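> Please find the sequence and the predicted model below.
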Amino acid sequence: MSIVWDERGGATVMRDGHAQSYVDPDDPLLLVFEYVEQIGLVLQALCPGPAPLATTHVGGGGLTLARWIHRVHPGSPQIVLEPDSALTELVRRELPLPRGHRIRVRPVTGEEGITALRDGSAEVIVQDAYADGRIPARLTGTWWAAQVARVLAPGGLLVVNAADEPGLRWLARFTATLRTVLPHVGLLVLREVAKGRRYGNVVVVASHRPLDDVSLTRVATRATFPTTWRPSADTARGEAGVLPFGPVGEPSPPPPDSGVLRLR
């Protein structure tokens with residue numbers, strides 16, 4: 001793994017030859033990868049600053065979103081479950097975290113780390129964990145969904161960076177699985193992905209409580225690339241005829257080229 005700097009002063013974290021994260025140390029509000037920008041838009045809509053936001057990250061990478069939350073919600077207590085200690089060491093050394101942060105990285109997998117978290121301890125859980133370009137099966141099944149629901153505070157928010165092939169059949173089973181414990185599940189998705197034109201990332205938003213469709217529809221128009229908000233009722237219709245995953249789940253489909261990530 002390595003870090004590649006660009007002429008703008010930003011850094012791309014490379015892992016296994018592929019771009020894994022992008023960080024601008026001088027501008028943590030700059031979210032370059034399209035799905036990271038979309039997650040930021042979701043948080044802007046549903047968790048307006050500047051009050052601290054207790055956040056758990058499943059997958060850390062370059063800690064891009066942890067830095068963003070620290071800037072938008074100063075003083076936020078953040079727990080990052082990231083098993084790759086070498087990656088964390090590289091990021092801490094080359095891309096130091098800002099002063100006064102409350103970001104704590106635990107060198108454990110998501111399923112190991114989440115069992116140690118207290119009930120209702122997270123206002124937000126951001127899930128962005130991949131292995132070989134796929135979400136691991138253990139992070140997609142009913143056991144995982146139940147753990148996430150347990151750790152979320154009442155009214156808390158789960159935001160997942162998911163990915164699927166045209167047709168979004170795997171995604172329908174994943175959202176149906178989440179809906180067994182978090183009844184309100186919607187999608188922020190690129191229009192070309194929603195229309196089935198290509199494989200792509202989809203940001204899944206789930207909660208115990210109804211989602212603010214008006215605010216989410218509004219922020220979707222601010223995305224760099226054409227993006228749409230699919231409310232919970234529409235997402236549920238897309239789940240018709242599919243079964244939730246079992247306790248372990250299934251990995252997300254492999255990308256056609258895991259190195260292709262669109263930047264602004």
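Alright, I've got the coordinates.
> and Glu89, backbone torsions?
Torsion angles at Glu89 (phi, psi; degrees, to the nearest 10) stand at phi -60, psi -40.
> Contact partners for the residue lying closest to Thr221 once chain neighbours are set aside?
Spatial nearest neighbour of Thr221, excluding adjacent residues (CB to CB, 6 or more residues apart in numbering): Thr227 at 7.8 Å. In this view, the C-beta of every residue, glycine as well, is placed from N, C-alpha and C. Thr227 makes contact with 38, 188-191, 220-221 under the criterion CB atoms under 8 Å, 6 or more residues apart in numbering.
> okay, those residues in TSV with neighbour count and pLDDT next?
What follows is the contacts of Thr227, written out as TSV (neighbours: other CB atoms under 10 Å; pLDDT from 0 to 100):
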residue	neighbour count	pLDDT
Gln38	28	98
Leu188	27	98
Val189	26	97
Leu190	22	96
Arg191	13	95
Ala220	20	97
Thr221	11	96
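> Give me the subset of the residues you listed lying in helices.
38, 191, 220 (DSSP state H).
> possible to save the residues you listed as CSV with distance to Asp6?
Compiled in CSV, the ones in helices among the contacts of Thr227 are given as follows (distance: CB to CB, whole Å):
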residue, distance to Asp6
Gln38, 22
Arg191, 28
Ala220, 28
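> so which of the residues you listed would you say is closest to Arg173?
Gln38 (21.3 Å; CB to CB).
> From Leu187, how far out is that closest one?
Per CB to CB, to the nearest Å, Gln38 is found 10 Å from Leu187.
> what do the two both touch?
Counting by CB under 8 Å, 6+ apart, the residues touching both Gln38 and Leu187 are Val203.
> List the contacts of His184.
Contacts of His184 (CB under 8 Å, 6+ apart): 206-211, 232.
> got it, and Leu81?
Shown in contact with Leu81 (CB under 8 Å, 6+ apart): 56-60, 106, 108-110, 112-114, 129.
> try it again with 6 Å
For Leu81, the contacting residues are 58, 106, 108, 110, 113, by CB atoms under 6 Å, 6 or more residues apart in numbering.
> got the CA coordinates for stretch 65-80 in CSV?
What follows is stretch 65-80, C-alpha atoms only, in CSV (Å, rounded to 0.1, in the frame of the first residue of the first chain):
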residue,chain,number,x,y,z
LEU,A,65,-15.3,10.7,6.7
ALA,A,66,-14.0,10.7,10.2
ARG,A,67,-12.1,13.9,9.4
TRP,A,68,-15.2,15.3,7.7
ILE,A,69,-17.3,14.6,10.8
HIS,A,70,-14.7,16.1,13.1
ARG,A,71,-14.8,19.3,11.1
VAL,A,72,-18.6,19.5,10.7
HIS,A,73,-19.4,18.2,14.2
PRO,A,74,-16.4,19.3,16.4
GLY,A,75,-15.8,17.1,19.4
SER,A,76,-17.6,14.1,18.0
PRO,A,77,-16.6,10.8,19.7
GLN,A,78,-15.8,8.4,16.9
ILE,A,79,-14.9,4.7,16.9
VAL,A,80,-13.3,3.2,13.8
